[in-house]
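K.L.:
just coords:
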């Protein structure tokens, strides 16, 4: 969601508020000083001073107060603040339209699948009590089967927070073959961090024993890193001043926790990010475009409900692109199952509908838009990414 306009409006309000506050405080301080001076004059006056002289002191004070902070000047700054604040609230209403039902479509949801996704999200976030409550109230007891693996994952992560790598090492050893199939070197990273901790706390003899037992199997696959770890033995007790101080960085623990979470979810057949979180985040980004579209299509609700493809692009950013996307260079349309990408004999690719238009529904050959090759539509083959 584009928030720059909201931020600019907020900054404008902040600027006006500071200016108004500064002028008010300055005026109050000057008024206080003048009043104090007038009080001193009145208190130090002789008993012989007439009432007329007292009145002249007060009249002088009144004149000075008007000169210091004319009411119109203070009203002006306050008025500017009120105008900026009014524009800011309107900008908020415009940017954060509370009526999001306009973009709603009557979609047949699989309630069972939605409940499964919600329960899965709660368990993977470590909210086990709330997850149990949800599955019981939704009648999705089978969804609680995902609870046990995530309990184990959080037990391992809590141990890592306490600088205890034993549970993580045991899990990695039990799943060694699966991790290898995924191309993960998580087990080596765990042993590397454990080795550094032993070198730091127990000395080089214990670290050397650990390296011979647990690190040597990784020597061939990770030779440069293995050599660096062995060289650390020469810097026992002063590793922070060695050429390898990065091995002591606390960030290594955070990276390892993230890597373990990623691999743990991978072995469960789950994505690293929660599907529910990704869906909501994508919806928040796409919502402004959908609301603008609906404001244009007012009175065409039926057409909106039956539409299979968006008439305008919704840019969700690269973080939400999980599959290859092909956009036809002729029609500028994104490929779909009904309009798939087609490989022509020259090697160039167009969408099926573009080929059908160029070939007059396959009744004649046509020239490729990008090279002089004559193309026969029946010889084009569908591409699968």
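P.N.:
All right, it came through fine. As the structure is a computational prediction, the values presented were derived from the model and not from experiment.

K.L.:
make it CA atoms for all contacts and neighbour counts henceforth
P.N.:
Noted.

K.L.:
For the nearest residue to residue 289 once chain neighbours are set aside, grab phi and psi.
P.N.:
Nearest residue to residue 289, sequence neighbours excluded (Cα to Cα, 6 or more residues apart in numbering): residue 314, at 6.7 Å. The phi/psi pair for residue 314 (degrees, to the nearest 10) reads phi -120, psi 100.

K.L.:
Settle this for me: residue 314 is touching residue 286, isn't it.
P.N.:
Yes. Here residue 314 reaches residue 286: they are 6.1 Å apart, a contact under Cα atoms under 8 Å.

K.L.:
And these two? Which one has more around it.
P.N.:
A direct count of neighbours by other Cα atoms under 10 Å for residue 314 and residue 286 places residue 286 higher, at 16 against 13.

K.L.:
Tell me which residues of the helix or strand encompassing the more buried one come out buried.
P.N.:
Assigned by DSSP states H and E, residue 286 belongs to helix 275-296. Within helix 275-296, the residues that count as buried by 16 or more other Cα atoms under 10 Å are 276, 282, 285, 286, 287, 288, 289, 290, 291, 293, 294.

K.L.:
and what of stretch 66-85?
P.N.:
Buried residues in stretch 66-85, counted by 16+ other Cα under 10 Å: 69, 77, 78, 80, 81, 84, 85.

K.L.:
and what of stretch 247-255?
P.N.:
247, 253.

K.L.:
For it, which outside residues touch it?
P.N.:
The contact list for stretch 247-255, computed with Cα atoms under 8 Å, 6 or more residues apart in numbering, reads 160, 161, 193, 196, 239, 240.

K.L.:
ok, then the element right after the helix or strand bottoming out on mean pLDDT in the chain?
P.N.:
Taking mean pLDDT, DSSP states H and E as the measure, the chain has helix 301-306 as its least confident helix or strand, at a mean of 64. Following helix 301-306 in sequence order, the next helix or strand is strand 341-343 (DSSP H and E).

K.L.:
contacting residues around the helix or strand that that following strand is followed by?
P.N.:
As assigned by DSSP H and E, the chain's next helix or strand after strand 341-343 is strand 349-351. Here strand 349-351 makes contact (Cα under 8 Å, 6+ apart) with 327, 328, 329, 330, 335, 339, 340, 341, 342, 343, 344.

K.L.:
could those residues go into a markdown table alongside neighbour count, pLDDT and distance to residue 153?
P.N.:
Output for the contacts of strand 349-351, formatted as a markdown table (neighbours: other Cα atoms under 10 Å; pLDDT from 0 to 100; distance: Cα to Cα, whole Å):
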| residue | neighbour count | pLDDT | distance to residue 153 |
| --- | --- | --- | --- |
| 327 | 16 | 87 | 41 |
| 328 | 20 | 89 | 44 |
| 329 | 14 | 87 | 46 |
| 330 | 13 | 88 | 49 |
| 335 | 18 | 87 | 39 |
| 339 | 16 | 90 | 43 |
| 340 | 20 | 91 | 41 |
| 341 | 27 | 93 | 42 |
| 342 | 24 | 92 | 45 |
| 343 | 19 | 92 | 46 |
| 344 | 22 | 91 | 49 |
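
K.L.:
Look up how far residue 291 lies from residue 147.
P.N.:
38 Å (Cα to Cα, to the nearest Å).

K.L.:
The residue nearest to residue 210 when sequence neighbours are not counted sits in which helix or strand?
P.N.:
Of all residues beyond its chain neighbours, the one nearest residue 210 is residue 195 (6.6 Å), with distances taken as Cα to Cα, 6+ apart. Using DSSP H and E, residue 195 sits in helix 186-201.
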